[in-house]
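Asks: got a structure for you, letters missing:
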C-alpha cells in the first residue's frame, strides 16, 4: 500500500517538475523570438561585426605599411622618388 502511494506521489512530483520546466523553456524561447528581441539581437550583431571589420581594416593597413617599409629597405627604394 505504501509502496503504491510513494510511487504515485513520486510520479506526480516528477510530472509537475517536468511541466514547470517545459513551460519555462517555452516562455524563454517565445521571449527570445519576439520581433523586438530579434531586432535588438540583429542590431547588436551588426554593430559587433562593424567593430570587428574596422579593427581588421586597421590591422591590415598597419601590416601593409610595415611590409612596404620592409620591402623598401630590402630593395633600397628611396621614398622621396615616389610618384605619389
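Replies: In hand now; what should we look at? In this text, all values refer to a predicted model and were calculated from it rather than measured experimentally. Numbering: from 1, shown residues only.
Asks: Going along the chain, name the helices of this protein.
Replies: Taking DSSP state H as the criterion, the chain carries its helices at 2-32, 35-74.
Asks: mind giving me JSON lines with those and columns for mean pLDDT and mean neighbour count?
Replies: Using the backbone N, CA and C atoms, a C-beta is placed for each residue, glycine as well. JSON lines is the format used below for those (pLDDT from 0 to 100; neighbours: other CB atoms under 10 Å):
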{"stretch": "helix 2-32", "mean pLDDT": "97", "mean neighbour count": "10"}
{"stretch": "helix 35-74", "mean pLDDT": "96", "mean neighbour count": "10"}
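Asks: Outline the domain layout of the protein.
Replies: 1-33, 35-65 (automatic domain parsing).
Asks: could you dump those domains to TSV with distance to residue 72?
Replies: As requested, the domains of the chain are exported to TSV (distance: least, CB to CB, whole Å):
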stretch	distance to residue 72
domain 1-33	54
domain 35-65	11
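Asks: To residue 74, which of those domains lies closest?
Replies: Evaluated over the domains of the chain, closeness to residue 74 peaks at domain 35-65, with 15.1 Å, by CB to CB.
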